[in-house]
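1. here's my sequence, what's the structure:
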Amino acid sequence: MFQSVEEIMYAGISDTVFPGAVLFISKDHHLMFHRAYGIRNIYTRESMSVDTIFDLASLTKPLATTLAIMKLYELQLLELSVPLHKYLPETQGTDKSDITINQLLLHTSGLPAYKPYYKELDPLPHSERKQTLLTWIINEPLINPIGQRCVYSDIGFMVLLYVIERLTQTSFDCFVKDAIYSPLNLKGFLLPCIPKKNQEIAATEYCSWRHQVLEGIVHDENAYVVGGYHGHAGLFGTAWDVYELLAILLYHYQKTSYSPLLSTNTIRDSLFQFKPDHRCLGFDIRSTSDSSSGHFFSTKTVGHLGFTGTSFWMDLNQNVIVILLSNRVHPTRENNQIKKFRPLLHDQVMRCIFPELSVI
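-> A predicted model of the protein is given here:
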């Protein structure tokens, strides 16, 4: 059934789109496809497997940070439309004061997309880096008026981590594990990743700054320098880990039933409430043109991409989940062929699931 998809995946290897990858496909909550391709480390030549752990990069935003914020919202510890200064008083009197949690989740805060803070943080003692980073972000000039324009921003999600830690009085990684993953019996997510003996972890870039091939060490430099994770990056997991969490969201989006994660109303009315600029709260939605999901996912589709070569797309109408985890930055981030590869792959996946699309 998926022979043509297999051919595309093998072509991805031979065309050096990535050294290796894992592809996962489900329909109507049934596993349809779960295969590994290529190698996870070009130097050791170790093979990729379906159990390989990946640096999920920006999938941290929807699958950790956003869900943590929504959990606090459901517990009535946080309001999405309240100005930031209520949760971070040190923003009072600055141009960040009136940014709302909603705007941070929707990337309309006015904050820049990215800054290489790690270069100046690295010389500081570890104990000072995290708080110093917050101070620098508060002093970072906005590039747009608040709420005026959507600019995808790592920095906005860094701010959300500080909000979560202030409200919970615990570390971000502990809250995410204790409040989200553990109640759902999700064992696989690692935040930050601490490699253990016999763990299969996909290598990412040879980092000229850290002078090593990264394996079980977060690729994102800003996350690395403050301890291995932040609100925008640091989550590690397998394709099955990602699927389990997405499947729970999809199930409770469709059916009104108890979930220790989020209620159906919260998922439908807040989390997956579609907004302009191709966003839900913390999630991408399928754009009408040039989407990495291709042409055949419905307009009710949520997803996200990760810089390391990871992605997921979940069609809420057609009950399809496609997860592609690759190490496309191994050994260098300069390889951008995955941009053309993703839509071709997703189109072929949908043709296999829905044969009538083959005539289009």
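2. what's the mean pLDDT across stretch 165-176?
-> The average pLDDT within stretch 165-176 is 98.
3. with stretch 319-335 instead?
-> Average pLDDT, stretch 319-335: 98.
4. chain center to it: distance?
-> Remark: stretch 319-335 is offset 12 Å from the chain centroid, using CA atoms, centre = their mean, to the nearest Å.
5. now it - C-alpha only, CSV.
-> Presented in CSV, the C-alpha positions along stretch 319-335 are these (Å, rounded to 0.1, in the frame of the first residue of the first chain):
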residue,chain,number,x,y,z
ASN,A,319,-8.1,11.8,11.4
VAL,A,320,-4.7,11.5,9.9
ILE,A,321,-1.4,11.9,11.7
VAL,A,322,1.9,12.0,9.9
ILE,A,323,5.2,12.3,11.8
LEU,A,324,8.5,12.6,10.0
LEU,A,325,11.6,12.6,12.3
SER,A,326,15.0,13.0,10.5
ASN,A,327,18.5,14.2,11.3
ARG,A,328,18.7,16.5,8.3
VAL,A,329,21.2,18.8,10.2
HIS,A,330,23.7,15.9,10.5
PRO,A,331,26.5,16.8,9.9
THR,A,332,25.6,20.4,8.9
ARG,A,333,22.6,22.7,9.1
GLU,A,334,23.4,24.0,5.6
ASN,A,335,21.5,21.1,4.1
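6. contacts only, for T91.
-> Neighbour list for T91: 84-85, 97, 99, 138 [criterion: CB atoms under 8 Å, 6 or more residues apart in numbering]. Every residue, glycine included, has its C-beta placed from N, CA and C.
7. filter those down to the buried ones.
-> Burial by neighbour count, judged by 16 or more other CB atoms under 10 Å, picks out 84-85, 97, 99, 138 from those.
8. please render these as a markdown table that adds secondary structure, distance to L191 and pLDDT to the earlier fields.
-> A markdown table is the format used below for those (DSSP: H, G, I helix; E, B strand; the rest coil; distance: CB to CB, whole Å; pLDDT from 0 to 100):
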| residue | secondary structure | distance to L191 | pLDDT |
| --- | --- | --- | --- |
| L84 | helix | 24 | 98 |
| H85 | helix | 28 | 98 |
| S97 | coil | 30 | 98 |
| I99 | coil | 25 | 98 |
| I138 | helix | 25 | 98 |
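9. so where's the protein uncertain?
-> 359-360 (pLDDT under 70).
10. center of it, which residue is that?
-> Per CA atoms, centre = their mean, the C-alpha nearest to the average position across the chain is that of L59, at 0.9 Å.
11. quick one: that residue and G303 touch, right?
-> No - in this structure, L59 is not within contact of G303 by CB atoms under 8 Å, at 9.5 Å.
12. so what sits against both of these two?
-> Joint contacts of L59 and G303 (CB under 8 Å, 6+ apart) are 311-312.
13. in the stretch 101-250 of the chain, which spans are helices?
-> 101-105, 118-121, 126-139, 154-168, 172-176, 221-225, 239-254 (DSSP state H, counting those that start in this stretch).
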